[in-house]
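Fold the stuff below for me.
(one chain, ligands or ions: 2)
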Amino acid sequence: MAKRNYSSKRNAIYNAICSTHSHPSARWVYDKLKPDVPDLSLGTVYRNIALFKEEGKIQVVCSVNGEERIDGNTSPHPHFVCNCCGNVYDVGTESDNNSDYSSELSEMGFAVQSKYVLYYGICPECLKKNLH
Ligand SMILES: [Zn+2]
Ligand SMILES: [Zn+2]
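Ligands and ions are numbered 1, 2, ... in the order given. Sure, this is the predicted structure:
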């Protein structure tokens, strides 16, 4: 019984992460699931996120205000982080990213294992608000 409960929480956490493109934090996942899973603790969410990371099911995109932001999409893709509202946006796909130094690095003898492209700035929503 306990095991079943454990794995259903695990699934709920994973599904919540994959249900959004907002690159949620652990607290977002907790707040989203808490009404349906009353005995969920923030610690359980953090533990499961750490496990998903280890298993390569999710990737950590960046840290905003001290909270890790995660992505259920594990393919490498660039992100834009808004310094104003803290939203994290997907930017295109890996294939239309022109600034790729992977081949240069391998020519120089480096073995590339992962790549993170992050842009920081102000998103259109916040720019709009600041104009008024
Ligand atoms: Zn913003
Ligand atoms: Zn993403």
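
Now the terminal residues of stretch 54-66, how far apart.
20 Å (Cα to Cα, to the nearest Å).

Stretch 64-75 too?
Counting by Cα to Cα: the opening and closing residues of stretch 64-75 are 21 Å apart.

That one and ligand 1, any residue contact?
No. Contact between stretch 64-75 and ligand 1, assessed by Cβ under 5 Å from the ion, is absent, since the two come no nearer than 10.9 Å. The C-beta positions use only the backbone N, C-alpha and C, and glycine is treated the same way.

Correct me if wrong: residue 27 contacts residue 42.
Yes. Residue 27 is within contact range of residue 42, at 6.9 Å (criterion: Cβ atoms under 8 Å).

Flag every buried residue along stretch 17-30.
17, 23, 24, 25, 26, 28, 29, 30 (16 or more other Cβ atoms under 10 Å).

Render the CA-only coordinates of whatever helix or strand the first one lives in in PDB, please.
Which is residue 17. Counting by DSSP states H and E, the element that carries residue 17 is helix 2-18. Extracted C-alpha coordinates of helix 2-18, given in PDB (Å, rounded to 0.1, in the frame of the first residue of the first chain):
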ATOM      1  CA  ALA A   2       2.700   2.400   1.000                       C
ATOM      2  CA  LYS A   3       4.700   1.700  -2.100                       C
ATOM      3  CA  ARG A   4       1.700   2.300  -4.300                       C
ATOM      4  CA  ASN A   5       1.100   5.600  -2.700                       C
ATOM      5  CA  TYR A   6       4.700   6.500  -3.100                       C
ATOM      6  CA  SER A   7       4.700   5.700  -6.800                       C
ATOM      7  CA  SER A   8       1.500   7.500  -7.500                       C
ATOM      8  CA  LYS A   9       2.900  10.700  -5.900                       C
ATOM      9  CA  ARG A  10       6.000  10.200  -8.000                       C
ATOM     10  CA  ASN A  11       3.900  10.000 -11.200                       C
ATOM     11  CA  ALA A  12       1.800  13.000 -10.200                       C
ATOM     12  CA  ILE A  13       4.900  15.100  -9.700                       C
ATOM     13  CA  TYR A  14       6.400  14.000 -13.000                       C
ATOM     14  CA  ASN A  15       3.100  14.600 -14.900                       C
ATOM     15  CA  ALA A  16       2.800  18.100 -13.300                       C
ATOM     16  CA  ILE A  17       6.300  18.900 -14.500                       C
ATOM     17  CA  CYS A  18       5.500  17.700 -18.100                       C
END
